[in-house]
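Requesting a structural model of the entry that follows:
(2 chains)
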Protein chains: 2
Amino acid sequence: MDQQPNATNSTSVEPHCLEITMEIHKVAPPPRRSSLEKLKNRLKETFFPDDPLRQFQGQPLKKKWILGAQYLFPILQWGPNYSFKLFKSDLVSGLTIASLAIPQGISYAKLASLPPIVGLYSSFVPPLVYAVLGSSRDLAVGPVSIASLILGSMLRQEVSPSSDPTLFLQLAFTTTFFAGLFQASLGLLRLGFIIDFLSRATLIGFMAGAAIIVSLQQLKSLLGITNFTKQMGLVPVLSSAFHHTNEWSWQTILMGFCFLVLLLVARHISMRRPKLFWVSAGAPLVSVIISTLLIFAFKVQLHGISTIGKLQEGLNPPSWKSLQFHGSHLGLVIKTGLITGIISLTEGIAVGRTFAAIKNYKVDGNKEMMAIGLMNMVGSSTSCYVTTGAFSRSAVNHNAGAKTAVSNIVMSITVMVTLLFLMPLFQYTPNVVLGAIIVTAVVGLIDIPATYQIWKIDKFDFLVVLCAFFGVIFISVQNGLAIAVGLSIFKILLQVTRPKTAMLGNIPGTAIYRNLDHYKEAMKIPGFLILSIEAPINFANTTYLNERILRWIEEYESEEDLKKHSTLQFVILEMSAVSAIDTSGISLFKELRKALEKKSIELVLVNPLGEALEKLQRSDETGDFTRPDSLFLTVGEAVASLSSTIKSQSSNQV
Amino acid sequence: MDQQPNATNSTSVEPHCLEITMEIHKVAPPPRRSSLEKLKNRLKETFFPDDPLRQFQGQPLKKKWILGAQYLFPILQWGPNYSFKLFKSDLVSGLTIASLAIPQGISYAKLASLPPIVGLYSSFVPPLVYAVLGSSRDLAVGPVSIASLILGSMLRQEVSPSSDPTLFLQLAFTTTFFAGLFQASLGLLRLGFIIDFLSRATLIGFMAGAAIIVSLQQLKSLLGITNFTKQMGLVPVLSSAFHHTNEWSWQTILMGFCFLVLLLVARHISMRRPKLFWVSAGAPLVSVIISTLLIFAFKVQLHGISTIGKLQEGLNPPSWKSLQFHGSHLGLVIKTGLITGIISLTEGIAVGRTFAAIKNYKVDGNKEMMAIGLMNMVGSSTSCYVTTGAFSRSAVNHNAGAKTAVSNIVMSITVMVTLLFLMPLFQYTPNVVLGAIIVTAVVGLIDIPATYQIWKIDKFDFLVVLCAFFGVIFISVQNGLAIAVGLSIFKILLQVTRPKTAMLGNIPGTAIYRNLDHYKEAMKIPGFLILSIEAPINFANTTYLNERILRWIEEYESEEDLKKHSTLQFVILEMSAVSAIDTSGISLFKELRKALEKKSIELVLVNPLGEALEKLQRSDETGDFTRPDSLFLTVGEAVASLSSTIKSQSSNQV
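Residues are numbered from 1 along each chain as shown, chains lettered A, B, ... in the order given. Got it, this is the predicted structure:
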């Protein structure tokens, strides 16, 4: 402890402002409220922190009905005021994201081991549903890479997509149904805070790891290997790629390399100049067209390059009969639905919030969950798999000037036209270009500046990033995520178990008391030990706090012993930060008071907040805690009042 | 919001103390420390909050060795000063607890479905080990009811003690070994805080439920039923007891009733007059002697009463060869060891701490864990099962005047003498008396006044009590415990996810700002919204805090609108309670600042603590958060300084 040299000089630390604050203010008991009121209040803060019903207050009945309909279908909010000017913007952005959505849809469906056409189906129905129900104006809806990856890899654990494609497809639709059900229930039950447990650090590490895994999967099409491993980990994929060098096809590699460079350059241009967003937005479709034409023109010579093959024309066939709510795979399907549901929900809501913050409007998390959930439930019965708001496509949508969800409708209609009339054109599209498109899309998920920022700010969060990243790469996508979430929650529990305490000192010339470690000019007051407890007190930390406070006292006493100065008379606990307390916490104070009484030290509480004060009073038969000389509103007043009693005592003794 | 009528009158709320505090104090950056130092500090607070090495500092090497030996073997601390006077006290208390330990040992072993003699073995070796290693002076070591109950009921899930007694015994010893290993490791790794997660509320509910379950098990011997159910739940046990009314033996019931009344009266006497502790302490042994004599005298007539039967003479046989570290039951054995280990550890440490607090000495939690763990590991290889410090016996020990762990040695020697010479005497002891002894012992575990106290103080804790109680009674001992612990942790996580925020107002005539809801005299300051955030900020609550703060602002604005008064200009966040923050928390402030800038409201931080301030600075490229006009040491200074800038601005405009 670096006590200031004059801290032992009792007169010099007497704060000069004390005379002013010597007028002591009583600590008022909090206003009485019944347990029911408190419960109601707590439930409201837990489930309705955004207070969605506030706008209904004091409105006439008809207005309430309209507001209610608008609440359920946000399209009714902006629809009536929709203008041709807005439509022009939405048309441009809708066509732009369609040109991205078609190749990405096909690619991501392949990533999920599903037929390519399912990716297009999934870009047709869900955007329409979202346009009616969703509250974000920028979200571009469709399949996304990470959910596709997880869905494919988890279902492959039990069913092989090549040997039993029908069952695999059925399971994929059922998974989508459960994902939607889970998402909608979270929104309906207002349990949206569950996705908050995926911290930013977890997501950054997880996304980066998933991007690596997804890119590695593309080695199959980029190198032209036919017998590729079904596993996802870094080690088996790399070893598989280098054990099949005989299958490598130089034509494929050359073509893949050229288009990868093209796409990455386009991406780089758009990133440096956001005005040129259309360069990277159009590049995938251009690549698909050029490569398809190339294959079509030279099809005899380039037969080493695999292509998508024949795709069926026509709109989404109904699939509700494919949903399987029984059988041996139900457990896997529910688990996969849960994980893909929560992951895609997190992405969708994070994306929605990001752009809402840029344009300064509000996205209601719980409403979004219901919209995304219903979208997936409808999708599961119209041959779509898990969809959400994709980050890359939404960014393009935003840059292209989208004003409302109409851009999703435009995209959807474009996809519909494609499904109806243009499917034969994709017959010669080479898989290698789809691989290049995926790699370019997921490279953006690796956020090195954010990782560096996290390293700078918080080392523990950086550890979470690393665990998520390496967990995904070396163990598995789900377990990597689980480890990172577990670590984040462990950190919270550790914080709860080991709350901070600090010794306060007086800042000379004021009645302000601050941490002695932090404010070097702050001074100790002889005879007083002033501690602030900086966390809610509960069963998990009372033992620690008890030990820690006794250690503060011992340290203080051993120090004072050396200086042969005044003995410790008062322990002041500054409780402004103790926002909650439970029965164990109340016992802590009782035990502490008893232990201190034996040393004839008095325990003084300063500014206990409503809940703590109320519980202390209710448990306090002797009235020890609410005696005016052991309860003060500020540390300054406590020190002033108590040091005057010391003085009067000593003058009486003389 | 109940704003005071004159709150809108800007001059009346100008606190008169502001002139004094207008001297603005800078918020100092915390002293620089390297990441390594911080890590070291945090690890120390996490694992060594009691700072066990403090006493070694600055001591010569020889003294350090002595202190080290004393640290490992507390007997070396008090042994050298041991006197005949102390021994007299210890002899009396040792004999007293032995008279309790012998009948209880036999009874608890039967509760665990083990041969009665194992209970006596367990009262011989473990107390000797504890006397050398333990730091409590009052703990009376031996088998306890709840650990016996759990051990028996869990092992019976896989092995029947009647059809394969040898295997059952082997598994019991192996369980004891794992319980000890787990306990010792917790102490060695300084993870003692894990037992803190068993909150007081959980324990009270759990103990009461277990007491009911244990008492119900005694219906077998109290009613003289031979074909009793092996299940533990309330429903199966009661239905079993009332389905076998034909097996009820009136002689047994009569005898049981008499002795139960005798024991309960003795307990009542001792509880009302602690000086008469020997009445309840001696009653079990007296009951055993009287009932044995009765049976011996009238053995022909009373043949309806079952007795213990022949017990083998001799000391504990070695049992290390019985430990089974392989085979199909290993999983169950480890799980049982874990649960019995943690439960008995909790009881032992709670008991040790209770009496240490009464006599004002310290019990080191981690050291106790190692002592209890080693005691069980040694016990497992000398035919003992799980032991710990029992509450009832320790209370008798304390009341009988025990001064040191020598009373455990005295008890142990008494048990040894019994094992060597007195075993034949127990042949005619009736089981019904053992049942009555158990019931009397566990009735004390039902703590109704404490439950009422919890109901009064904290309704949620009361819910935890109920869940633990009914979970144990109706589901199972382990699951009831798991539900209660889960609920307690859920409450903590909910607190973390929904931290409290409060709107502060000025207490007239001071520079003090307090919660407007709590202090009715506090007044709002026009143009200022002053919020205090009363919890650490992390990923799990940033979304909520963001929404909540924006709602505060909206509420404030809509209110001010009505009054056509000054517009909101400053949002002041009082951060004294934000003891920790992570990267998500930092982003929260950045986003909040951006959102407020759009409304031309300025964000002002007051008294961010060391960690929060440091991280804000490190992440703050623009220096927005550390500008002198947006960072203040107290709310009073912030309001004073900022309202003077408003005034000068408006006078400039005029």
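
Could you double-check that residue A:397 lies in contact with residue A:141?
No - using CB atoms under 8 Å, residue A:397 is not in contact with residue A:141; the gap is 9.8 Å. Where C-beta positions appear, they are placed from N, C-alpha and C, glycine not excepted.

Which of these two has more residues huddled nearby?
Each of residue A:397 and residue A:141 had its neighbours counted (other CB atoms under 10 Å in any protein chain shown), and the higher figure belongs to residue A:141 (34 against 29).

May I ask you to confirm that that one is in contact with residue A:384?
No - using CB under 8 Å, residue A:141 makes no contact with residue A:384, being 10.5 Å away.

Now for those two: what residues contact both?
In terms of CB atoms under 8 Å, 6 or more residues apart in numbering or on different chains, residue A:141 and residue A:384 are both contacted by the residues residue A:126.

Any idea how far the helix or strand hosting residue A:76 is from the middle of the chain?
Using DSSP states H and E, residue A:76 sits in helix A:75-78. Centroid separation for helix A:75-78 versus its chain: 28 Å, with CA atoms, centre = their mean, to the nearest Å.

residue ranges of the helices in the stretch 301-450 of chain A, please?
Using DSSP state H, counting those that start in this stretch, the helices assigned to the stretch 301-450 of chain A run over residues A:330-359, A:365-380, A:391-399, A:406-417, A:431-443, A:448-457.

Compare those and give me the one nearest chain B.
helix A:448-457 (5.0 Å; CB to the nearest CB).

chain center to the closest one, what's the gap?
On CA atoms, centre = their mean, the centre of helix A:448-457 falls 17 Å from that of its chain.

Outline the domain layout of chain A.
Domain ranges of chain A: A:5-30+A:498-653, A:84-493, per automatic domain parsing.

Worst mean pLDDT among those?
Among the domains of chain A, domain A:5-30+A:498-653 has the lowest mean pLDDT, at a mean of 78.

I figured residue A:334 hits residue A:178, correct?
Yes - using CB under 8 Å, residue A:334 makes contact with residue A:178 at a distance of 5.4 Å.

okay, the two: which has more neighbours?
residue A:178 (24 against 17).

who touches that one in this structure?
Neighbouring residues of residue A:178 by CB under 8 Å, 6+ apart: A:333, A:334, A:336, A:337, A:338, A:341.

Likewise for residue A:466?
So residue A:466 contacts residue A:205 (CB under 8 Å, 6+ apart).

ok so it is a helix residue?
Yes - counting by DSSP: H, G, I helix; E, B strand; the rest coil, residue A:466 falls inside a helix.

Next one: it relative to residue B:540, how far apart?
20 Å (CB to CB, to the nearest Å).

How far away from the center of its chain is whatever helix or strand residue A:213 lives in?
Residue A:213 is located in helix A:200-217, with elements delineated by DSSP H and E. Centre-to-centre, helix A:200-217 and its host chain are 15 Å apart (CA atoms, centre = their mean).

tell me the secondary structure for residue A:572?
Assigned with three-state DSSP, residue A:572 falls in the strand class.

so it bridges to which residues?
residue A:530, residue A:604 (DSSP bridges).

Format the helices of the stretch 301-450 of chain A as TSV; extra columns: distance to chain B.
Converted to TSV, these look like this (distance: least, CB to the nearest CB, whole Å):
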stretch	distance to chain B
helix A:330-359	6
helix A:365-380	7
helix A:391-399	17
helix A:406-417	24
helix A:431-443	23
helix A:448-457	5
